[in-house]
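S.K.: what's the 3D shape of this:
(one chain, ligands or ions: 2)
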Amino acid sequence: MKILVADFIYTDEGYIQKKAIAFDDFIKDIDNIETLKNIYPKAEVINTPKNSVIYPGFINSHVHLEFSNNKTTLKYGSFIPWLKSVIKNVDMIAKCTKNDMKKAYMEMLKSGVTSFGAISSNGNDLESCVKTPQRVVYFNEILGSKEENCDDAYNNFTQRVEKSIRFTSDKFKPAISIHSPYSTHPKLIKKAVNLAKEKKFLISAHLLESKAEKDWIEESKGEFYDLYNEFFGIQKPINTKESFLKEFDDISTHFIHLTNANFDDIVYLKSKDHSVAHCPRSNRLLGCGILDVSNLNIPWTTATDGLSSNWSLNIFDELRSAIMIHANDDLNDLADKLIKSITSVPAEILELNCGMIEQEKFADFAIVTLPDTPNYIDEISLWTILHTKYVNQLYIGGNRYV
Ligand code: MCF
Ligand code: FE
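M.R.: Ligands and ions are numbered 1, 2, ... in the order given. Predicted coordinates for the structure are as follows:
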């Protein structure tokens, strides 16, 4: 047993003082330090620097580790040029090494991320996602727009799913990602959704990310029309917005982006218990707009997306950018919501027994040390976001990694 002591402990209801946490692999007790020492006299007491805050380990709900070797390869600024540059540079992206991926998950770890949702396009990241100290929800991706290639695409996908299932543990959970309405044939979607229902897999999908995607799936026009016409001789989308959404009616799904969703779309998504990952830097860099989180009434997480559309996987870089991008939102309220969007909200969506400091949750902690004594307790979320690049200590399942 260990007892972790800090000036502040984060809870969804606010920051508490003069308490400590007793834990082994799980959180056992939250109480006054003296009380805990009496209950667990043999426990090792771990102190933290003055002005430290214990947070539940952070969760980055959406990342693509296999794209970790991109820095100056992909085109930014607008979605279709980016997508074309992905297609053009597949060979270079395929050269992403285990070392590149290790750098990527270590960068997340140092910023306090103890769990992440990894979109796996081809399975090259499997070993890294099994080896990393972090908990991983491993989203095996399916895509393919040509009907004649559906059988091959599905076979390749199920092989990756089967392989990932073998590593299921407390730290590794296989799941399914349907890439998007513009790229995944309805036959593949149906089969993958059925598999998710049958095996009780979590499911995720990129949706309504760019204006080009919206124009294409709502009105069969725009930049995707030119792209599909040129590459595949296709003049109509394989899925419309309505037909795509319908496939997910009976399975609560973590949609990614929704930057081009309208009010009615959100009402519909709410009625089906769906949620969304907000990726502000990725959206900015791919010219996709801003997800208006202040008016969102579905659960939302904040995520970095991959290095395919970002310059770092540091979760605090993401939160700081969110603070700047949502320039008209109430500052402290936004800061509190952003902390929830990387703790309790993704934990619930990804069905992870963490994200809150509560008895019997995993002992996953990120300890942040503020540069000075906080003058107002209700501004700690904001100050944490503004002043933190790396955490002071980090625990996963009770073991220390930073
Ligand atoms: O989230 C960003 C932008 N939107 C869509 N896809 C990706 C992102 N980062 C990487 N991707 C991957 C996606 O998983 O790029 C490929 C897919 O494998 C694009 S489709 C050729
Ligand atoms: Fe993504």
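S.K.: Every contact and neighbour count from this point should use C-alpha atoms.
M.R.: Will do.
S.K.: and for the longest helix along the chain, what are the contacting residues?
M.R.: In the chain, taking DSSP state H as the definition, the longest helix is helix 150-165. Residues outside helix 150-165 that contact it (CA atoms under 8 Å, 6 or more residues apart in numbering): 122-123, 126, 138, 140-144, 173-175, 185, 187-188.
S.K.: For ChimeraX, write a command that selects the buried ones of these.
M.R.: Here is the ChimeraX command that picks out the buried ones among the contacts of helix 150-165, judged by 16 or more other CA atoms under 10 Å:
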select :123,126,138,140,141,142,143,144,173,174,175,185,188
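S.K.: Can you sort out which of the contacts of helix 150-165 also neighbour ligand 1?
M.R.: Among the contacts of helix 150-165, no residue sits close to ligand 1 (CA under 6 Å from any ligand atom).
S.K.: Now intersect the contacts of helix 150-165 with the strands, please.
M.R.: 138, 140, 141, 142, 173, 174, 175 (DSSP state E).
S.K.: Closest to residue 253 out of these?
M.R.: Distance to residue 253 across these (CA to CA) is lowest for residue 175, with 11.2 Å.
S.K.: In space, what's closest to that closest one - neighbours in sequence excluded?
M.R.: Closest residue to residue 175 apart from its sequence neighbours, by CA to CA, 6 or more residues apart in numbering: residue 139 at 4.4 Å.
S.K.: Write out the residues of the stretch 101-250 of the chain neighbouring ligand 1.
M.R.: 121, 179.
S.K.: The residue nearest to residue 175: how many residues sit nearby?
M.R.: 28 (other CA atoms under 10 Å).
S.K.: Just to check, residue 286 is in contact with residue 85?
M.R.: No. Under the criterion of CA atoms under 8 Å, residue 286 is not in contact with residue 85, lying 11.7 Å apart.
S.K.: Have a look at these two and say which one is more surrounded.
M.R.: Neighbour totals were compared for residue 286 and residue 85, and residue 286 leads with 22 against 15 (other CA under 10 Å).
S.K.: quick one: that one and residue 201, what's the gap?
M.R.: Going from residue 286 to residue 201 by CA to CA, to the nearest Å gives 29 Å.
S.K.: Identify the residues contacting the residue most central in space within the chain.
M.R.: The chain has residue 61 as the residue nearest its centroid, 1.5 Å off, counting by CA atoms, centre = their mean. By CA under 8 Å, 6+ apart, the residues touching residue 61 are 115, 116, 117, 118, 277, 301, 302, 303, 342, 346, 350.
S.K.: How about the secondary structure of it?
M.R.: strand (DSSP: H, G, I helix; E, B strand; the rest coil).
S.K.: Quick check: closest non-adjacent residue to it.
M.R.: The shortest distance from residue 61 to any residue other than its chain neighbours is 4.5 Å, reached at residue 117 (CA to CA, 6+ apart).
S.K.: The one you found looks like it's in a helix, true?
M.R.: No. Counting by three-state DSSP, residue 117 is located in no helix; its state is strand.
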